[in-house]
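[1] no FASTA, just this:
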């Protein structure tokens, strides 16, 4: 191996960019290559604010050109298509890229198998989806919006429910501000009788109480069957809807099937407690692409992806120096469920699960964190 190892990072999301920063913090000599379809970063947590007009898509889509230059990174615009059996070659539609060490942070993908799923809009698919929600809501004089989220039946923790709670409460606030809430009803649906349970018992109770306070209807505990232009069909009946907003469960990247990488029951890249991919030397995974040991509430969120990336980098650098891995990502869930004017703080770790009441300060805290996080790309 060269004295200047070539480290390849796949992806351009939270885990990938945190990995770049961590690597450059600890080594100036390594050659780093970042592989992603575009040299841009989309700040997904703030997509919830596009339907209300608090944010525009251009506010959240940032070029990585300066970040790439400042961190002395080579960028390859390409989509991953596979991986060699030893992990030392990444196959992309832009060619084959060799590496001495690899971090996979390409993210997951949504499971879109329910019949009629084309009738639902999925917020976290990106700016275009969020803008479509904004336009549909603005054009609605009256009617009903149905919101919900699903999971991965083979890996129950592979879901993203937090943004849907935020979208639900944010739309309620926005419609009240527009004077349309009395004419537009909201229904929250979920196959679980206690949605959001991995946030903790207090969170479930608090979120359902918030729905009741806001006069949001619920349809809970019934298996989802299909979607249509008329609404949502479940094993417990039909929910009329003029607009369906749905976040499906997650699974691993589509190119994973073309590789020998170990796969979890839910279709993710299997990782060990050190974010290593078992059976592959100097190959690590961080973020939504991976399945990690830990509690059943281990979140699929940006904060956890950052923690996993930090551990992956520490162990990768140790492996290059011949040391055994020692860094483990701390299981931790931190979420401000924003309501457009206030926020509800949910926190969970291995010892406690806490819920802090709705406060205007927490909404501004979320906005301040967004500004702090994006500062590195804008300055």
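    Great, that's in hand. Remember, it's a predicted structure, so these values are computed and weren't measured experimentally.

[2] which residues touch residue 208?
    Listed by Cβ atoms under 8 Å, 6 or more residues apart in numbering, the contact partners of residue 208 are residue 218. C-beta: built from backbone N, CA, C; applies to glycine.

[3] Make sure it is indeed in a helix.
    Yes: Residue 208: assigned to a helix according to DSSP: H, G, I helix; E, B strand; the rest coil.

[4] tell me the pLDDT at it?
    Residue 208 carries a pLDDT value of 94.

[5] Same check on residue 367?
    97.

[6] Tell me the buried residues in the helix or strand hosting it?
    Element membership of residue 367 [criterion: DSSP states H and E] is helix 360-378. In terms of neighbour count (16 or more other Cβ atoms under 10 Å), helix 360-378 has its buried residues at 362-363, 366-367, 370, 373-374, 377.

[7] by contact count, what packs against it?
    In terms of contacts (3 or more Cβ pairs under 8 Å, 6 or more residues apart in numbering; DSSP states H and E), helix 360-378 is packed against strand 61-63, helix 65-70, strand 333-338, strand 343-348.

[8] got the angle between it and strand 333-338?
    110 degrees (axes from the mean of the first three to the mean of the last three Cα atoms, to 10 degrees).

[9] Just list the residues touching the residue nearest to the spatial centre of the chain, thanks.
    Among the residues of the chain, the one closest to the centroid is residue 301, at 4.8 Å (Cα atoms, centre = their mean). Residue 301 sits next to 160, 162, 333, 335 when contact means Cβ under 8 Å, 6+ apart.

[10] Using JSON lines, lay out the helices and strands packed on helix 360-378 together with mean neighbour count and mean pLDDT.
    What follows is the helices and strands packed on helix 360-378, written out as JSON lines (neighbours: other Cβ atoms under 10 Å; pLDDT from 0 to 100):
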{"stretch": "strand 61-63", "mean neighbour count": "15", "mean pLDDT": "96"}
{"stretch": "helix 65-70", "mean neighbour count": "14", "mean pLDDT": "96"}
{"stretch": "strand 333-338", "mean neighbour count": "23", "mean pLDDT": "94"}
{"stretch": "strand 343-348", "mean neighbour count": "22", "mean pLDDT": "94"}
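
[11] what about those, which gets the closest to residue 125?
    strand 61-63 (13.6 Å; Cβ to Cβ).

[12] strands paired with the closest one, and their directions?
    Sheet pairing of strand 61-63 (DSSP bridges) gives strand 40-42 (antiparallel).

[13] Averaged pLDDT, the strand it pairs with. What do you get?
    97.

[14] which outside residues touch it?
    12-13, 17, 60-64, 67, 126-127, 377.

[15] Make JSON lines from the residues you listed and add distance to residue 180 to it.
    Formatted as JSON lines, the contacts of strand 40-42 follow (distance: Cβ to Cβ, whole Å):
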{"residue": "12", "distance to residue 180": "37"}
{"residue": "13", "distance to residue 180": "35"}
{"residue": "17", "distance to residue 180": "39"}
{"residue": "60", "distance to residue 180": "25"}
{"residue": "61", "distance to residue 180": "29"}
{"residue": "62", "distance to residue 180": "32"}
{"residue": "63", "distance to residue 180": "36"}
{"residue": "64", "distance to residue 180": "39"}
{"residue": "67", "distance to residue 180": "40"}
{"residue": "126", "distance to residue 180": "26"}
{"residue": "127", "distance to residue 180": "24"}
{"residue": "377", "distance to residue 180": "35"}
